[in-house]
Structures are given as structure tokens and as C-alpha cells.
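sequence first, then the predicted structure, then my questions.
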Amino acid sequence: MRVAVIGLGKLGAPLAAVLASKGNDVLGVDVSPSAVQLLNAGRAPVDEPGLQELVSASRDRLSATTDAAEASAADVSILLVPTPSDDRGAFSNEHLLAASDVLGRGLAERDDYHVVVIGSTVMPGSCDADIRPALERASGRRIGDNLGLCYSPEFIALGNVIRDLLAPDVVLIGESDTRAGDALERLYAGVCENDPPFRRMNLVNAELTKIAVNTYVTMKISYANTLADICERLPGADVETVTDALGLDSRIGQKYLRGAVAYGGPCFPRDNKAFGVLARDLGAEPLLAEATDAVNNAQIQRLAGIVQSRLKNGETVGILGLAYKPDTGVVEASAGVALARLLGEAGYDVRIYDPVATQTAVDALDGLAQGSASAAELLDQADMAVIATPWPEFAEVAIGGLERAGGPRVVIDCWRILPDDVGGEAVEIVHLGRTLEQPIPV
Ligand SMILES: NC(=O)c1ccc[n+]([C@@H]2O[C@H](COP(=O)([O-])OP(=O)(O)OC[C@H]3O[C@@H](n4cnc5c(N)ncnc54)[C@H](O)[C@@H]3O)[C@@H](O)[C@H]2O)c1
């Protein structure tokens, strides 16, 4: 098929490459000339494991332009532009409407069948209330005639985007009509390598399912973090032991049930807030979503309390891990950056290191923390180290580094990646989620 992907960011660029790798002719579209130039030069416009390899392997089926009107020549165009949160936490459709307008005007010049697919996360109701009239106005077509509209979100985790696109748990297709949904199902059936279930539904149910999935997952994380907080105060308790057994209950499941730090990144916090705003606007009570958010916001105080209870005046604290999860350089709403900010503002000397995100975090922290060149250097500099993101290399470096004199006297291991006895008597390893010798006062 001829497919256009509009928005070549963290999600759109990998999707364009995956579609091309499966034999589709793909046109990438972005308002950013640099993203377009990079893709046309055969270079990945964003960092994502495996993306460069796919782009290199599919160069003859992958090109890019800044003009969204050119997408009208494709059979299907997929919009993956940003939907920023407004002051209340609702998603804004401004970029979707801008892209729909340019695409629609391109479609007005042609008459062959075309399906527009919204992949961006939107407030439920957006496709029918906003996108449909915008497309119809700009294209002069009616949806259901020679124009189809679908809402089809990708369920991906950054750092794992390509694998998640190739082997999703489910393919969700919201459709204006059967012809549009059939076309999209054909496209995705040719991409997925795991024969996933397809769930086809109307547009609003698909829009709601997307944010409902993330809201459910964040609820599990906040639940596990509450258990971790309890375990830190309960003699003999260990959150890992409890959540491991809990997750074996098939009604619950083990994924994302791991007490540690607050959830972050570009999706979880925003989707959860948007779910709450949606419910309140409709007159429903979003108590679960709001409690999930409140629990998440409290995690930084829980972590900072543990850190500060062991930090002496004038000491240097080092934070290992600024990305909100391993395998990505994204620091948005990450626990490591939030902790560095809080400690920096409190006047501590803060050093930070991340395998890919040190400089991004230094810039985001605007003078509140200094970057270290490596995990080993940070361990040499710091009186206390905090492992905030479970990058596997931190376990190796820390185990090696703590076994010599002169390293930190305390390591706060948020994800329990270090053994208890590393560093011997000289180093106190504090595992979050296990009974603390000095619990934080209530
Ligand atoms: N990143 C994720 O993990 C993830 C997961 C699920 C859903 N989403 C949703 O997918 C959407 C895209 O997210 P992302 O992380 O890829 O965003 P991103 O910011 O990484 O990329 C968006 C791209 O769209 C481009 N763009 C903006 N306006 C445009 C326009 N009018 N025409 C063409 N290009 C335009 C930008 O230049 C940018 O390159 C958002 O709605 C997001 O909430 C993201």
C-alpha cells in the first residue's frame, strides 16, 4: 500500500520505518525540515533501538516531505503529531487540525479513495466532533463516501517501539465505516508478526480504550508503590516478594506491578490526567484516576525523604538514571530529574549521570545539577548515590565501584538491582520497598 505518516517523532518515525520494512511505499511528513532531511538522507530522525537499521534497510521505500498535502496521493495517511496537554490536563487537537487542514486541501485536488487514521492520543469524542468536520471542510468530501476516518492508537513503550509495533497485544481500530476499517486492518495485518486479535469499534470507543489502558496501568504502578511504602515501614516486609506472588493471580498479572519510583514519561501522567478531566467534564467521578495521580505525585516526597534522612550537610549526592525508563533518552516527568531538582533547590551538591540522557537532564535542570562523565566517575564523586532508573549497566558498575574504598557511604537502590552485601560494612545499601532501618516519619 501507499502510506503517509504525518509526524516523524518518537512514534511516527518508527511506524514509518516498520511499514516500509513490510513492503509498503511510505511517505513521511513533518513540519520540521531537519526530520525530513534526515529521513531522506537515510538517517533515523529520532533515537530508538533498531530504528536506524530499519531505515537503512528500507531506503528505497521511504521518503519524506514537509508538505502534508502530498500525503493525499497515498491510500492511507496516519497522523502522529503531538497533542499537548492544556492547563487542565485535556489534550489539544491544534496540531491534528492543522495537519488535517493541509491534508484535506490536498485531497480536494484528487478523487481516489483515502483513509485518514488518527494515531495521536486525543480526548474521546475528538474524531467525531473536531477531526471529521475539519477534514470534510478542507477536502470537500464526505466521510463514508470516498474518504474514511479511523482512530488507531499504538500501544508502545519507548525503547521497545519497533518490537511493540511488530507484535502488539491487540490492534485497536475505531472506524467511521466498514470500508475504512477493512483498509486499515489489511495494512496492519501485513505488519504484525504475531497474529494479534483485532478489535474494531466506533471512533469514540477506540479513543476511550486508548486512555483507559494507560490509566489502568498507572493505577497498578501506584498500587505497587503504595505497597512499597508500606513495606518500608513494616518489619520484615519486602515489596518484591509480595508483588511477585500477587501478580501470579491471573486476575492481576505481574506486568507493571513493581514498587519503586513514580511513573513518568510523555504518556502515563498525561493520559491519566486527561481521563480524570474527561470524567469530570461528563459529570462522572474519576476518583481512581485522581487517586492514582495523587499517589504518583507523592512518590517524589517518599524518595526525597529517604534520601534526605541519610544525607549530611555539605555532602554530594549522585543520581544514576535520568531517563524515565531504560532504553530511552526521554527525561520528561522522570523520577531522577524530579529528585535532582528537589535536592538542587534544597542546596545540595547534585551530580547526575545517565547512559544517554545526561546532557538533556543537565539542560532541563538549568544549573541545579552537574553532569558526570560516567557512572564510575559519579560513584567516585558522591557521598551518596541514588539509582533512579534500572539501566542494567548500573548494577555492574556499582558492584565493581563499591568494592573499593572511597566510594559513596550510602546507595539508595530504588529498583533493588544490587545485592545486599555489596561494598561490605563500608557501604549502606538501602533498597526501596524493603523495611527501612530509619523509616520516614508519617
Ligand atoms: N511517545 C509515546 O510513547 C507515545 C505513545 C502512545 C501515543 N503517543 C501519542 O502519539 C502522538 C505523537 O507522539 P510522539 O511522542 O511521537 O510526539 P513527538 O513530539 O515525538 O513527534 C511529533 C512530530 O510531529 C511533528 N509535527 C507537529 N505538528 C505537525 C504538523 N502539523 N504536520 C506534520 N508534522 C507535525 C513534530 O515536528 C514532531 O516531529 C501524541 O499524541 C502522543 O500522545 C505517544
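Now that the structure is in, tell me what you want to look at.

does Leu378 count as helix, strand or coil?
helix (DSSP: H, G, I helix; E, B strand; the rest coil).

from Thr360, how far out is Val330?
The gap separating Val330 from Thr360 is 8 Å, by Cβ to Cβ, to the nearest Å. For every residue, glycine as well, the C-beta is placed using N, CA and C.

so who does Ala228 touch?
Val239, Gly259, Ala260, Leu432, Gly433 (Cβ atoms under 8 Å, 6 or more residues apart in numbering).

need the contact list for the last one.
Contacts of Gly433 were listed using Cβ under 8 Å, 6+ apart, and they are Leu227, Ala228, Cys231, Glu232, Asp238, Val239, Glu240, Gly259, Ala260, Arg416.

what's the lowest-mean-pLDDT helix or strand in the chain packed up against?
Ranked by mean pLDDT, DSSP states H and E, the weakest helix or strand in the chain is helix 392-402, scoring a mean of 85. Counting by 3 or more Cβ pairs under 8 Å, 6 or more residues apart in numbering; DSSP states H and E, the packing neighbours recorded for helix 392-402 are helix 375-381, strand 384-387.

want to throw these into CSV with mean pLDDT, mean neighbour count and distance to the ligand?
Shown next, in CSV, are those (pLDDT from 0 to 100; neighbours: other Cβ atoms under 10 Å; distance: least, Cβ to the nearest ligand atom, whole Å):
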stretch, mean pLDDT, mean neighbour count, distance to the ligand
helix 375-381, 92, 20, 26
strand 384-387, 96, 28, 23
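
closest to Asp195 out of those?
Taking Cβ to Cβ, strand 384-387 is the member of the helices and strands packed on helix 392-402 nearest to Asp195, at 38.7 Å.

paired strands for that closest one, with orientation please.
strand 316-320 (parallel), strand 410-413 (parallel) (DSSP bridges).

can I get those strands in a markdown table including mean pLDDT?
Putting the strands paired with strand 384-387 into a markdown table (pLDDT from 0 to 100) gives the following:
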| stretch | mean pLDDT |
| --- | --- |
| strand 316-320 | 97 |
| strand 410-413 | 94 |
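
so for Phe275, which of those strands sits nearest?
Taking Cβ to Cβ, strand 316-320 is the member of the strands paired with strand 384-387 nearest to Phe275, at 30.4 Å.

contact partners of that closest one?
307, 311, 336, 339-340, 343, 348-354, 369, 372, 375, 378-379, 381-389, 391, 394, 398, 408.

what do you get if the cut-off is 6 Å, keeping everything else the same?
311, 336, 339-340, 343, 348-353, 375, 378, 381-388, 394 (Cβ atoms under 6 Å, 6 or more residues apart in numbering).

same question for stretch 93-101.
Outside of stretch 93-101, the residues within contact range by Cβ under 6 Å, 6+ apart are Ile6, Ala68, Leu79, Val81, Pro82, Ser120, Ser126, Asp130, Ile131, Ala134, Leu135, Ala138.

remind me which residues of the stretch 151-300 of the chain are low pLDDT?
Residue ranges of the stretch 151-300 of the chain with pLDDT under 70: none are present.

in it, which spans are helices?
Using DSSP state H, counting those that start in this stretch, the helices of the stretch 151-300 of the chain run over 161-166, 178-189, 203-233, 239-247, 268-282, 287-308.

got a markdown table for those, with distance to Ala426 too?
Listed next are the helices of the stretch 151-300 of the chain as a markdown table, based on distance: least, Cβ to Cβ, whole Å:
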| stretch | distance to Ala426 |
| --- | --- |
| helix 161-166 | 41 |
| helix 178-189 | 55 |
| helix 203-233 | 23 |
| helix 239-247 | 25 |
| helix 268-282 | 38 |
| helix 287-308 | 19 |
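
quick one: closest of those to Ala57.
helix 161-166 (11.8 Å).

what sits against His131?
You called it His, but residue 131 is Ile. For Ile131, the contacting residues are Ser100, by Cβ under 6 Å, 6+ apart.

again, only this time at 10 Å
Going by Cβ atoms under 10 Å, 6 or more residues apart in numbering, Ile131 touches 79, 93, 96-97, 99-100, 116, 118, 120, 122, 143, 149, 151, 203.

do the same with Trp391
Taking Cβ under 10 Å, 6+ apart, we find Trp391 in contact with 320-321, 323, 325-327, 353-356, 375, 397, 415, 417.

try it again with 8 Å
Neighbour list for Trp391: Leu320, Gly321, Ala323, Pro326, Asp354, Pro355 [criterion: Cβ under 8 Å, 6+ apart].

repeat for Ala90
Going by Cβ under 8 Å, 6+ apart, Ala90 touches Met123, Ala274, Val277, Leu278, Asp281.

go on, Asn202?
Residues in contact with Asn202 (Cβ under 8 Å, 6+ apart) are Gly174, Glu175.

quickly compare the strands paired with strand 384-387 and say which is most buried.
With neighbours taken as mean count of other Cβ atoms under 10 Å, the strands paired with strand 384-387 reach their highest mean count in strand 316-320, at a mean of 26.

so where's the stretch 1-150 of the chain shaky on pLDDT?
Along the stretch 1-150 of the chain, the model assigns pLDDT under 70 to no residue.

got the residues of the chain near the ligand?
Where the chain comes near the ligand, counting by Cβ under 6 Å from any ligand atom, the residues are 6-12, 29-32, 35, 68, 80-83, 95, 98-99, 120-121, 154, 156, 158, 266-267.

give me the buried subset of those.
By neighbour count, with 16 or more other Cβ atoms under 10 Å, the residues of the chain next to the ligand hold 6-12, 29-31, 35, 68, 80-83, 95, 99, 120-121, 154, 156, 158, 266-267 as buried.
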